[in-house]
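# Fold the following, please.
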Amino acid sequence: MSYAQGSAAPLLAATSAGRRYPLAHSPLARLFDRRTTPALSGASLDVHAGDVLGIVGESGSGKSTLARLLVGLDRPSSGQVLFEGRDLSSFTAADWQRFRNRVQFVFQGAHTALNPRKTVARSLSEAFPEQPAPGALNALLAQVSLGPELLDRLPHQLSGGQKQRIGIARALARQPEVLIADEPTSALDVSVQSEIVALLQQLHRDRRLTLVIISHDLGLVGAFCDRVLVMYAGRIVETGPAAQILAEPAHPYTQRLVAAIPRGLAGRGRPAEPPLSEAARHGGCPFEPRCSNRIPICAQAEPPEVVLGDRLVACHLAPARSIIAETNP
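Next comes the predicted model:
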């Protein structure tokens, strides 16, 4: 699912990208069991220079898999990932070096992303393409509002927020144009989450950094990002301007995400839902087992992608919404 923004070519794009993983865990077992399971199916998106794009979905929705494809840490089993119109699969070693300088990844989990045996200084130094100049580490820490006194510390001597800022600083060492952050606020206190979001906003303003933010929290991403892409069971189910999606979600799954803002006691008393891994054993809509609005065709056929103004929605009920939108401008 992709929606063009103006006539400018996208900086980073995915076209019908899919990823399957083997069911067997060991190389020996894979010799006898060639079965695979899909983690991502037919994902298409465009990221333009200066974008702040949020990718949202619950655990197992495929958002981290999509992020790994976009940053080149994994290769699609089908479809393409393009950077400035070039397929990543065609890259030479020199191309990859240039790509790594321009596109960086902030790994999920501030508490596990740093090597516990390496000081902050060593972790940051290794992120530079060559030996950093005197004062470069101090300047890098200053970009994420940290002081030079942290350089000699090990990860266990840092707070969760400091670790996350170090992870972001490490990604900034090569002066990238695109920063892809996987759950940058997970496992952090609410106040620290706000600080990390404010830092990313400042980096976007000051450096015109293109951001792709992966999260399970639609409220946080919706308040921060220009556009939001919602994923469920390895598929993109809705994408469009964040303000519109928060104000009037079109897909039933997006509606549930919006209804869960703010979280807390609101989730109590809801009926049990099938696990995400069990959500789509038929050939229809993957959300059908959970959807209270489902109709017979939902279990029989993949939903179409329907244009609703500035949005795309993959839902059998979306055509009716499109007619309503056209008759009520």
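
# CA atoms only: put the helix or strand where Leu40 lies into CSV for me.
Under the criterion of DSSP states H and E, Leu40 resides in strand 36-47. Provided in CSV are the C-alpha atoms of strand 36-47 (Å, rounded to 0.1, in the frame of the first residue of the first chain):
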residue,chain,number,x,y,z
THR,A,36,8.2,-21.0,5.8
THR,A,37,5.8,-18.5,7.5
PRO,A,38,5.1,-15.0,6.3
ALA,A,39,6.1,-12.1,8.5
LEU,A,40,5.3,-9.4,5.9
SER,A,41,3.1,-9.5,2.8
GLY,A,42,2.9,-7.0,-0.1
ALA,A,43,4.0,-3.9,1.8
SER,A,44,4.4,-0.7,-0.3
LEU,A,45,5.3,2.7,1.0
ASP,A,46,7.2,5.9,0.0
VAL,A,47,9.4,7.9,2.3
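
# by contact count, what packs against that strand?
With contacts taken as 3 or more C-beta pairs under 8 Å, 6 or more residues apart in numbering; DSSP states H and E, strand 36-47 sits against strand 12-22, helix 63-70, strand 78-83, strand 235-241. Glycine gets a C-beta too; all of them are placed from N, C-alpha and C.

# who's in contact with the residue nearest to Phe32 when sequence neighbours are not counted?
In space, Phe32 comes closest to Ala24 once its chain neighbours are excluded; the distance is 7.6 Å by C-beta to C-beta, 6 or more residues apart in numbering. Ala24 sits next to Arg30, Phe32, Asp33, Arg35 when contact means C-beta atoms under 8 Å, 6 or more residues apart in numbering.

# Next, format the helices and strands packed on strand 36-47 as CSV and append distance to Gly222, mean pLDDT and mean neighbour count.
Shown next, in CSV, are those (distance: least, C-beta to C-beta, whole Å; pLDDT from 0 to 100; neighbours: other C-beta atoms under 10 Å):
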stretch, distance to Gly222, mean pLDDT, mean neighbour count
strand 12-22, 21, 94, 19
helix 63-70, 15, 95, 24
strand 78-83, 25, 96, 19
strand 235-241, 10, 95, 25
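
# Can you add distance to Phe287 and give those back as CSV?
Formatted as CSV, these follow (distance: least, C-beta to C-beta, whole Å):
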stretch, distance to Phe287
strand 12-22, 18
helix 63-70, 15
strand 78-83, 22
strand 235-241, 7
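
# Would you mind saying which of the ones you listed lies nearest Leu199?
Minimum separation from Leu199 across the helices and strands packed on strand 36-47 (C-beta to C-beta) falls at helix 63-70, 19.1 Å.
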